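**Student:** my questions are about this predicted structure, shown below with the sequence.
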Amino acid sequence: MLNYLRTLPTISRVLLYAAAHNPTNLDTTQENWRQIADVMKTKKLFPFFDTIYQGYASESIEIDAYPIRLFNEMGFQMVVAESYAKNMELYGERIGDLHVVCHTPHTAEKVLS
């Protein structure tokens, strides 16, 4: 994955599963996430997190949120999509959140418009 990320053009958007990657079900370690974040920071890649399975990989929503918190602490602007259909057992319901992390009030105004 790191080699692939290094080949992407600067400012590309990258879809990332925060935990329990579907369909592979691979779970990225915290060290792996730091490496991914470093490459993405260097390449100025834009993360879009999908958290549909938060809590499934480690049985802890806190632990499975690690990559999102890491990217936030590293200063990334990003999008985070949360679905509650599975992790809150609301099967058949379309319920969730979309978060846009912005660095400046000007960027936030653009998002809100």
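**Tutor:** Perfect, I can see it now. Numbering: from 1, shown residues only.
**Student:** does residue 11 touch residue 77 like I think?
**Tutor:** No. Judged on CB atoms under 8 Å, residue 11 makes no contact with residue 77 at a distance of 10.9 Å. The way it works is simple: take the backbone N, C-alpha and C, and place the C-beta from them, glycine included.
**Student:** intersection of neighbour lists for these two?
**Tutor:** residue 46 (CB atoms under 8 Å, 6 or more residues apart in numbering).
**Student:** these two: which is more packed in?
**Tutor:** Comparing residue 11 with residue 77 by other CB atoms under 10 Å, the one with more neighbours is residue 77, at 15 against 9.
**Student:** that one reaches residue 106, doesn't it?
**Tutor:** No. Using CB under 8 Å, residue 77 is not in contact with residue 106, being 11.9 Å away.
**Student:** can you show me the helices along this structure?
**Tutor:** With DSSP state H as the definition, the chain shows helices at residue ranges 2-7, 30-43, 61-64, 66-73, 105-112.
**Student:** pLDDT weak spots in the protein?
**Tutor:** Residue ranges of the chain with pLDDT under 70: 21-26, 56, 86-91.
**Student:** just want the most central residue of it.
**Tutor:** Nearest to the geometric centre of the chain sits residue 49, at 2.4 Å (CA atoms, centre = their mean).
**Student:** grab the nearest non-local neighbour of it.
**Tutor:** Nearest residue to residue 49, sequence neighbours excluded (CB to CB, 6 or more residues apart in numbering): residue 80, at 4.5 Å.
**Student:** so how many other residues sit close to the one you found?
**Tutor:** When neighbours are counted by other CB under 10 Å, residue 80 registers 21.
**Student:** so who does it touch?
**Tutor:** 18, 48, 49, 51, 68, 97, 98, 99, 101.
**Student:** the first one contacts residue 62, doesn't it?
**Tutor:** No. Proximity of residue 18 to residue 62 does not meet the contact threshold set by CB under 8 Å, at 11.7 Å.
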